[in-house]
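S.K.: Next one to model:
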Amino acid sequence: MTTSQKTALITGANKGIGKETARRLAALGITVLIGARNAERGEAAAEELRADGADVRFVPLDVTDENSVRAAARHIDDTFGRLDILVNNAAIATGQQKPSETPAATVREVYETNVFGAIAVTHAMLPLLRRSAAARIVNMSSELGSLTHLADPDSPWSAYTSTLLPYSTSKSALNAVTVLYANELRAEGILVNAVSPGYCATDLNRHSGPRTAQEGAAVAVALATAGEDGPTGTLRSEDGPIPWG
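M.R.: Numbers count the residues shown, from 1 in each chain. Below you'll find the model as predicted:
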């Protein structure tokens, strides 16, 4: 996949894995749009990456606000006329409780960003992605969304899932969303994959993960720049495919 004049949008990219994904894509010569709710933080992140000589720009984008999503799509259309790469990275994690103690309102809050936000952004950006010669969609998921891992009491992830009902199920839902988009868009040559960056130290987990955000970004960059023979409809880590369920 050539990178000349290609444009990528990454949601929630003002910090963590999203920011490192932006850094690595920009280093390949791709124009990267940092989508973020907070204008000050988003512009600061873009400015930091531009200091390295990269073409990185801030785009106001709250994935839970349909008006914000539509405005971002209009801006990209007016400025670039198309979009080549979409990385649905924005996510939140709340509700560190047992499933039996987790209220539905907490689950809804997480789904608004992690699932409905990704759908809203994908829906708005698809007309622009369809104008690309080799569009790629990458959904930032997690091994915690694998039903195989959730159902295995011997899995190293099972201890976490007992207190992460909103987050883990939102990633299971995002995995299903990924498959359905991949099935529809396969004939158009648009590759759609979910990736698991691993347990990285970010604000999402109070920097408790053993991996760095830079390491976590690697698999997203690989799928975002995959060639026409690349996979679609998969959940992958750096080590290869992860079972869906």
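S.K.: Going by C-alpha atoms from here, please, whenever you check contacts or count neighbours.
M.R.: Noted.
S.K.: got the phi/psi numbers for the spatially closest residue to V107 that is not a sequence neighbour?
M.R.: Spatially, and ignoring its direct neighbours in sequence, V107 is nearest to P166 (4.6 Å; Cα to Cα, 6 or more residues apart in numbering). For P166, the backbone dihedrals (degrees, to the nearest 10) come out as phi -60, psi -50.
S.K.: P166 against Y111, yeah?
M.R.: Yes - P166 lies in contact with Y111 (Cα atoms under 8 Å); the separation is 7.4 Å.
S.K.: These two - which one has more neighbours?
M.R.: Using other Cα atoms under 10 Å, the more surrounded residue of P166 and Y111 is P166, with 27 against 24.
S.K.: for the helix or strand containing L180, packing partners?
M.R.: Assigned by DSSP states H and E, L180 belongs to helix 165-185. Helices and strands touching helix 165-185, as assessed by 3 or more Cα pairs under 8 Å, 6 or more residues apart in numbering; DSSP states H and E, comprise helix 104-111, strand 191-195.
S.K.: what angle separates the longest one from helix 165-185?
M.R.: Same thing as helix 104-111. Here helix 104-111 runs at an angle of 40 degrees relative to helix 165-185 (axes from the mean of the first three to the mean of the last three Cα atoms, to 10 degrees).
S.K.: next structured bit after helix 104-111?
M.R.: Criterion used, DSSP H and E; the element after helix 104-111 is helix 118-129.
S.K.: Show me what that next one is in contact with.
M.R.: Around helix 118-129, the neighbours that count as contacts under Cα atoms under 8 Å, 6 or more residues apart in numbering are 63-64, 66, 69-70, 73, 77, 81-86, 88, 90, 135-136, 139, 177.
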